[in-house]
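1. let's see this in three dimensions:
(one chain, ligands or ions: 1)
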Amino acid sequence: MNKIAIFPGSFDPFTIGHYDIVMRGLDIFDKVVIGIGINCTKQESFPLHQRLNAIQQYFANEPRVQVHPYDCLTVDFAAQHKAQFILRGVRSAQDFEYERSMAEANKQLSGIETILLYTRPEYAHISSTLVRDLHSHGKDISVYLP
Ligand code: ADP
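-> Sure, this is the predicted structure:
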């Protein structure tokens, strides 16, 4: 069986923390489909096309990674891509509680399994929010990007 996972998120922007989760996901799954959720209530900072282009470039040499925007339910996006798994990352107890409730809801909706990977300790403080804040104050954010 081809093991396919989706990695859903806002990726506003996609950081080295996200990149690490995808690369480690490739050790577990045959294919990882990155889904940029565009129907969230969050106000976006980096335009969708910019996020999509950046992520495509990061994985240009990795044929087992695909990137697609989506505006439907995450479980429906997974079904469209024949994915049996949702891949997510966990940095803290707060992340864990959120991920647990999402995983339970998605499992109930479609039977899909969520696989959580712990962040590398050196990336635990990195969030898209932090990177957006620094960027809005004119700081160099390149160390946080893949
Ligand atoms: P969402 O808006 O759905 O939370 P994000 O783009 O913020 O999407 O994050 C997508 C996934 O990546 C989430 O599971 C999040 O916990 C995880 N993640 C974000 N930053 C890191 C990091 N530094 N290390 C590991 N996982 C991370």
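2. for Met1, report the pLDDT, please.
-> Looking at Met1, its pLDDT reads 82.
3. contact partners for it?
-> Residues near Met1 by C-beta atoms under 8 Å, 6 or more residues apart in numbering: Gln84. (Each C-beta comes from the backbone N, C-alpha and C, glycine too.)
4. could you rerun that using 10 Å?
-> Asp30, Gln84 (C-beta atoms under 10 Å, 6 or more residues apart in numbering).
5. alongside the ligand, which residues does this structure contribute?
-> The chain comes close to the ligand at residues 9-11, 15, 17-18, 21, 88-91, 95, 119, 123, 126-128, as judged by C-beta under 6 Å from any ligand atom.
6. strands - which of those residues land there?
-> Gly9, Arg88, Gly89, Val90 (DSSP state E).
7. which one of those is nearest Arg132?
-> Closest approach between these and Arg132, by C-beta to C-beta: Gly9, at 13.7 Å.
8. my read: that closest one touches Ser127, true?
-> No - using C-beta atoms under 10 Å, Gly9 is not in contact with Ser127, being 11.1 Å away.
9. the two: who's more crowded?
-> Relative neighbour count places Gly9 above the other of Gly9 and Ser127, with 19 against 16, counting by other C-beta atoms under 10 Å.
10. check what pLDDT that one gets.
-> 97.
11. i'd like the first residue to be 47 from this point on
-> OK, 47 is where the count begins now, so the last one is Gly55.
12. now it: how far from His64?
-> Distance from Gly55 to His64, counting by C-beta to C-beta, to the nearest Å: 7 Å.
13. which neighbours do those two have in common?
-> Ile80, Gly135, Ser174.
14. scan those residues and report the most crowded one.
-> Neighbour counts for the shared contacts of Gly55 and His64 (other C-beta under 10 Å) peak at Ile80, which has 27 neighbours.
15. list the contacts for that one?
-> Taking C-beta under 10 Å, 6+ apart, we find Ile80 in contact with 51-55, 57, 60, 64, 67-68, 71, 97-98, 101-102, 104-105, 111-115, 133.
16. now do the contacts for the closest residue to Ile62 other than its chain neighbours.
-> The shortest distance from Ile62 to any non-neighbouring residue, by C-beta to C-beta, 6 or more residues apart in numbering, is to Pro192 (5.4 Å). Pro192 makes contact with 59-66, 68-69, 100-101, 103-105, according to C-beta under 10 Å, 6+ apart.
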